[in-house]
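1. Generate coordinates for the sequence data below:
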Amino acid sequence: MRRLGTRLLTLLARTRASEADIRRPLVESLYASPTSLAIGALSGFLLSVAIAHISHDPVMTGCAAVISLIAVGRTISAIFYYRKLKSGVARAYRRWEMAYELGAWSYAAMLGMLALVTLVRTDNPAIHMLSVSLATGYGAGIAGRNAGRVKIALGQTSLALLPTVVGLWLSGDFGYRALAVVLFIMIFAMRDITRTTHNIVVEALRGKQEKSLLAAKFERLARYDSLTGLENRMAMQMRLRDLFAANRYTHDAFAILWMDLDKFKEVNDSLGHQVGDGLLRAVAERLSSTIGDRGHVARFGGDEFVILCPEANRTVAQELAADLLAALAKGMRVGQHLLTNTASIGIAVGPQDGRDAEELMQHADLALYEAKNMGRNRVVSFVWSMKERFHRLHEIETGLRRAVANGELVLKFQPIFEVKTGRIAVCEALLRWNHPTLGQISPSEFIPVAESTGTIEEITHWTIDSACEAAALWPEDVRLAINISPAVLHSGALPTAVIEALVKTGLSARRLELEMTESVFLDDDTHTQHMLKALQQIGLRMVLDDFGTGYSSLSYLRSYRFDGIKIDRSFMTGITTSVEDQAIVRAVGLMAEALDMEVVAEGIETQEQLDYAREAGIHTVQGFLMSEPQSVAAMTDMVLRSVTIPTAIAAKASRTGAAMNAVALSKERRRANG
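-> Residues are numbered from 1 along each chain as shown. Prediction:
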């Protein structure tokens, strides 16, 4: 019952507000044409003065004087209020309605009284005609002019015509009495005309009001976010442009804080979108209460919010950002869940960080991107070096889409040697990119970009084809190793690409091994597991790369039958001095021997590291001590010449000597070929 009562009161309040919105223009219509009111007053003034002048009757003269005073007063008040309406400062319209009502009734009553007096006190037909015409004309005129307020119009008609009807009837003349009957009937006709006109006006005003409300609703939908009630992207951009325009000459500082919730997708995936929407609403409320009058907050879509802070320099902006992170850290209650979501914030301060609204927004977004890359839950302020990195990243992204077609990618091969025999057992294919304007770009820089843009699949397929084509020329006991990105495994096209390359080049499946890191297994994707097992079934070897730097290496070794593991170079760097590294390398060697897996030690750059690897039971080694990455021709030459570890090391030591072995000769050929 309480809720029902509240709803009824709310509905009543809205109805009253709506009626007030309609009544105001109706009242204003009374004063909308002061000219017509002045003409009516002037007509009444002239005719009443004429009647007084012709009759020389003191009563008629008194009525004429009163009519003249009321006419002047009404004209002055109408002009005064009309000017207020035009200037937009008109207030207290109910008082002005009452003033108009009293003036109108007084004026109409005096016209009716004048007609009654003239009909009773004189037999002059000219005076009768003037007074009756004045009352009748006024009654007919106000029926249309004052239709906005029916009560006023009906009152004026009755007050002007009823005394006239009485005077005509009392005259006793048949013609006068007939006219009295006609005027009496006309009162009812004027009533219907007034009400009909009033209804038409009200409907028109209601239609206009509905259009205004609809326009306001659409404007709100266009400027405000329907979920959180905050301003949306368009409204904030308009506000920012206005701020730029206002500060064009003052150059006062103002800041943009671009905020993104960390791991919001996990909330949607684990708890559902309804909880996610509730979290966004809670965050919006928390942001608004924390910011207060220090700025304006808008939702830019998804889980991104932008805060615009006028008159805020970089220090003030960073303090506000710290307050926002602290407020979010308190957690928010969404239904039955207490959620604590951190956020990343990028700051850009105008006008020094941007020449216009678009550039400043872009720079705040770049700062946000940097904050997320640095580990999230932090605030990063824009610096111009971010712009340079952004341009470089953009060039890399666009360049990768044409790198394969333009022949900009190059394969290098680094040999992996058997420790016991010294022969080359495997050649690892390494991708290199010579950008036409940026020059040589490291794989550690462009491979993540390729993964994020989806070009990694095309690049991997090209790498497999090219590497298999080169390996087909090598002896049967030399294998080919290719690194595989987790993004390629998720696509599902890898087995087809591998089989096509093997068939086209004639390379046997047992000579191809795929290297992958533990990140492949982080998503626990059943599809990926089946794909890897299918590749193993056709004879491919699987090698776990960067062993020891991931998350759950031992569980992977138990779940998957790997043919080999590669000890990360970080363990070999300090192998001669670090007891811990020595223990780890020895333990890996023993474990691999027990599991019948081949072990590769990466990053061998000194003789001491090579000696320790041999003593630890490592099967194969790879590093600059034996050979740097080689071109296809140089690598083929090395393989065909059966270069071994001792020969390679000797060649490295005597590179400037006259007697040069096969490795040195191949390197000279590589230099000569560019």
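
2. Scan the protein for its longest strand.
-> Ranked by residue count and defined by DSSP state E, the top strand of the chain is strand 424-435.

3. I347 - that's part of a strand, no?
-> Yes: I347 forms part of a strand when assessed by DSSP: H, G, I helix; E, B strand; the rest coil.

4. thinking again about what came up before, for the longest strand of the chain, which positions count as buried?
-> 424-433, 435 (16 or more other Cβ atoms under 10 Å). (Glycine included, C-beta is placed from N, CA and C.)

5. list the helices and strands that strand packs on?
-> Helices and strands touching strand 424-435, by 3 or more Cβ pairs under 8 Å, 6 or more residues apart in numbering; DSSP states H and E, are helix 384-403, strand 409-418, strand 439-441, helix 443-453, helix 456-471, strand 479-483, helix 632-640.

6. one more time with 7 Å, if that's ok
-> Other elements packing on strand 424-435 under the criterion 3 or more Cβ pairs under 7 Å, 6 or more residues apart in numbering; DSSP states H and E are strand 409-418, strand 439-441, helix 456-471, strand 479-483, helix 632-640.

7. Hmm, N406 and W433 touching each other?
-> No: the criterion here is Cβ atoms under 7 Å, and W433 misses it with N406 at 10.7 Å.

8. List phi and psi for the residue of the chain positioned farthest from its centre.
-> Computed with Cα atoms, centre = their mean, the residue of the chain farthest from its C-alpha average is D123, at 85.8 Å. Dihedral angles of D123 (phi, psi; degrees, to the nearest 10) stand at phi -110, psi 10.

9. Tell me how far it lies from Y176.
-> 11 Å (Cβ to Cβ, to the nearest Å).

10. Which of the helices and strands packed on strand 424-435 sits closest to A109?
-> helix 456-471 (93.7 Å; Cβ to Cβ).

11. Put the alpha carbons of the closest one into CSV.
-> Taking Å, rounded to 0.1, in the frame of the first residue of the first chain, the C-alpha atoms of helix 456-471 are listed here in CSV:
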residue,chain,number,x,y,z
ILE,A,456,51.2,-14.7,-37.1
GLU,A,457,49.4,-17.6,-38.9
GLU,A,458,50.4,-16.5,-42.4
ILE,A,459,54.0,-15.8,-41.1
THR,A,460,54.2,-19.3,-39.5
HIS,A,461,52.9,-21.0,-42.6
TRP,A,462,55.6,-19.2,-44.7
THR,A,463,58.2,-20.1,-42.2
ILE,A,464,57.3,-23.8,-42.2
ASP,A,465,57.3,-23.9,-46.1
SER,A,466,60.6,-22.1,-46.4
ALA,A,467,62.3,-24.0,-43.6
CYS,A,468,61.2,-27.4,-44.9
GLU,A,469,62.4,-26.5,-48.4
ALA,A,470,65.8,-25.7,-47.0
ALA,A,471,66.0,-28.8,-44.8
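
12. helices and strands around that helix, which ones?
-> Judged by 3+ Cβ pairs under 7 Å, 6+ apart, helix 456-471 is in contact with strand 409-418, strand 424-435, strand 479-483, helix 486-491, helix 494-505.

13. Nearest to A284, out of the ones you listed?
-> Among these, helix 486-491 comes nearest to A284, with 34.5 Å by Cβ to Cβ.

14. Show the average pLDDT along the closest one.
-> Mean pLDDT, helix 486-491: 80.

15. same deal with stretch 445-464?
-> Regarding stretch 445-464, the rounded mean pLDDT is 91.

16. Also stretch 290-301?
-> Stretch 290-301 comes out at a mean pLDDT of 91.

17. for that stretch, which positions count as buried?
-> Judged by neighbour count using 16+ other Cβ under 10 Å, the buried positions of stretch 290-301 are 290-291, 294-300.

18. what do you get for stretch 535-543?
-> Going by neighbour count (16+ other Cβ under 10 Å), the buried part of stretch 535-543 is 535-536, 540-543.

19. In space, what's closest to R177 - neighbours in sequence excluded?
-> Among residues not flanking R177 along the chain, W169 sits closest, at 5.5 Å (Cβ to Cβ, 6 or more residues apart in numbering).

20. Check which helix or strand the one you found maps to.
-> helix 150-170 (DSSP states H and E).

21. same for that helix, what does it pack against?
-> Helix 150-170 packs on helix 93-121, helix 125-145, helix 174-223, going by 3+ Cβ pairs under 7 Å, 6+ apart.

22. could I get those helices as a markdown table with distance to N232, mean pLDDT and mean neighbour count?
-> Converted to a markdown table, the helices and strands packed on helix 150-170 look like this (distance: least, Cβ to Cβ, whole Å; pLDDT from 0 to 100; neighbours: other Cβ atoms under 10 Å):
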| stretch | distance to N232 | mean pLDDT | mean neighbour count |
| --- | --- | --- | --- |
| helix 93-121 | 36 | 77 | 21 |
| helix 125-145 | 47 | 76 | 20 |
| helix 174-223 | 6 | 73 | 14 |
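
23. wait, which of those helices is closest to L368?
-> Of all the helices and strands packed on helix 150-170, helix 174-223 sits nearest to L368, with 23.3 Å by Cβ to Cβ.

24. Please consider this matter closed, and thank you.
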